[in-house]
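Novice: Provided below are the primary sequence and the corresponding predicted coordinates.
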Amino acid sequence: MKFARIGSFTFVSFVLGCSGATAETNENPGGNDTGLSEAGDDAGSDDAGDDTGGGGEDTGPIGPSSCELRPACDAPLPPLGSKTSWRHTTTSLSVAAGSPRHRGRDLFLKPGTKQWAIAKFAYGAIDKDIKDEDVDVYLLRDCGSTWKKLGTYRTTEESAHTTEEGVIDSGGRVYVDIAAVEPIPLGVGRHRVHFVVKGDLPGANPGSPQVMTTLAQRGYYVFYLTARPEWFVQKTRDWVKMRGFPPGIIHTTFSAIGETGAAAIEYKTSELANLKTKTGIVPTYGFGNTDSDSTAYDNVKITPAANRYFFKYTDTRGGTSHDDYSKLVPKFAAEAAVCPATK
């Protein structure tokens, strides 16, 4: 299984109305909220709770004593499609500058105004941006459960777009006025926007998340083993989650640059051998697409050999070569569950 750089991220925006914290703040029907009360500062209730009456009974503050927290906005991401080629060969020079430094601009907004989704796409410590490249933009309205694709937009050339929300167009940016592209502009509440760099999208072989999920549902533990460098472990965790794979144990090398060739074979063989030594477990199934996978699985004797599955790879050492993970799902779904005992 291959892991690549993470090429997508999210930001959130609040569309503000009245804060609703007390009766006093609700006396602002025009919605001229500075946003301070959204952070817990009661900006519009100078006399909240003061007993200004001459002899009447103090009934206390009007309204609730506390408010609900804003929603977490953590719905699973939608299917993000497949990696595409860069539009320009020169983009590879930007990508070679280092890891992605993509970022969005969180915003407070008012109803009836423009609702900008603004993001920057760049790489490496020198912040080398990409220009005239495709970025897909998705919207999660009201922090619900259904994502909507707003469209595909191009990153800008320097100064190509007007300054919006104080953000000067330094190149490599995307500006989307959601109120202009959505039939119904965003209402008061919290909303999430997700940007996906098509040329930098981490790839997962079609159907592979479904295969791993099906096995996990049958009671199998999942072990993700990659010869990537040690510092790549968090990116790998993010990738596994983003792509819809079930949670599992993730091991990378201890190297700063990862391992290839004979070193990758030795590393994977050693990891699987250590697993057997520590737990007595030899994996029931193995999946991969490289020589290091095929050789390591053969070295530790995952048996029967047919239980070693290799995607579009033919030197299987007795394993099963296939070209579509989706076709494996019915086979594993038909297996009897091996759920571990629970207490």
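Specialist: Perfect, I can see it now. Just so it is clear, the model here is predicted, and its values are computed rather than measured. Numbering: from 1, shown residues only.
Novice: Can you pull the domain assignment for this protein?
Specialist: If you go by automatic domain parsing, the domain ranges for the chain are 8-14+72-200, 208-333.
Novice: Point out where the stretch 1-150 of the chain drops to low pLDDT.
Specialist: 1-13, 15-61 (pLDDT under 70).
Novice: Would you map the strands across it?
Specialist: 8-15, 103-104, 107-109, 116-120, 122-123, 128-129, 134-140, 148-154 (DSSP state E, counting those that start in this stretch).
Novice: Redo those strands as a markdown table? Include distance to P183.
Specialist: Using the backbone N, CA and C atoms, a C-beta is placed for each residue, glycine as well. Formatted as a markdown table, those follow (distance: least, C-beta to C-beta, whole Å):
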| stretch | distance to P183 |
| --- | --- |
| strand 8-15 | 16 |
| strand 103-104 | 23 |
| strand 107-109 | 18 |
| strand 116-120 | 16 |
| strand 122-123 | 33 |
| strand 128-129 | 32 |
| strand 134-140 | 12 |
| strand 148-154 | 11 |
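Novice: For T226, find the nearest of those strands.
Specialist: strand 8-15 (19.8 Å; C-beta to C-beta).
Novice: circling back: next, format the domains of the chain as TSV and append mean neighbour count and distance to P340.
Specialist: Shown next, in TSV, are these (neighbours: other C-beta atoms under 10 Å; distance: least, C-beta to C-beta, whole Å):
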stretch	mean neighbour count	distance to P340
domain 8-14+72-200	17	25
domain 208-333	17	6
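Novice: Out of the strands of the stretch 1-150 of the chain, which is closest to V193?
Specialist: V193 lies closest to strand 116-120 among the strands of the stretch 1-150 of the chain, at 4.6 Å (C-beta to C-beta).
Novice: on contacts alone, who are the packing partners of the helix or strand hosting D238?
Specialist: Per DSSP states H and E, D238 falls inside helix 233-242. On a contact count with 3 or more C-beta pairs under 8 Å, 6 or more residues apart in numbering; DSSP states H and E, helix 233-242 meets strand 249-251.
Novice: Packing partners of the strand it packs on?
Specialist: strand 223-225, helix 233-242.
Novice: can you give me the mean pLDDT across the shortest one?
Specialist: The predicted model gives strand 223-225 an average pLDDT of 96.
Novice: how long is stretch 121-133 end to end?
Specialist: Length of stretch 121-133, first residue to last, C-alpha to C-alpha, to the nearest Å: 10 Å.
Novice: what about the nearest residue to K301 once chain neighbours are set aside, distance to V329?
Specialist: Once flanking residues are discounted, K301 sits nearest to V282: 6.7 Å by C-beta to C-beta, 6 or more residues apart in numbering. Distance, V282 to V329, using C-beta to C-beta, to the nearest Å: 24 Å.
Novice: before we move on, the earlier item: turn the domains of the chain into JSON lines, columns for distance to G63.
Specialist: Conversion of the domains of the chain to JSON lines gives the following (distance: least, C-beta to C-beta, whole Å):
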{"stretch": "domain 8-14+72-200", "distance to G63": "18"}
{"stretch": "domain 208-333", "distance to G63": "39"}
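Novice: show me where the chain has helices.
Specialist: 91-95, 178-181, 208-217, 233-242, 261-279, 291-299, 329-333 (DSSP state H).
Novice: closest to T152 out of those helices?
Specialist: Across the helices of the chain, closest to T152 is helix 178-181 (C-beta to C-beta), at 11.7 Å.
Novice: same for that closest one, what does it pack against?
Specialist: Against helix 178-181 (3+ C-beta pairs under 8 Å, 6+ apart) you get strand 148-154.
Novice: what's the nearest residue to A306 if we skip its chain neighbours?
Specialist: In space, A306 is closest to T320, 5.3 Å off (C-beta to C-beta, 6+ apart).
Novice: List the residues that contact that neighbour.
Specialist: Going by C-beta atoms under 8 Å, 6 or more residues apart in numbering, T320 touches A306, N307, R308, Y309, F310.
Novice: So which of the helices and strands packed on strand 249-251 is nearest E133?
Specialist: Of all these, helix 233-242 comes closest under C-beta to C-beta, at 20.0 Å.
Novice: low-scoring pLDDT stretches of the stretch 151-300 of the chain, where are they?
Specialist: For the stretch 151-300 of the chain (pLDDT under 70), the answer is none.
Novice: again, only this time at 90
Specialist: 198-206, 229, 231-232, 234-235, 238-239, 241-244, 256-258 (pLDDT under 90).
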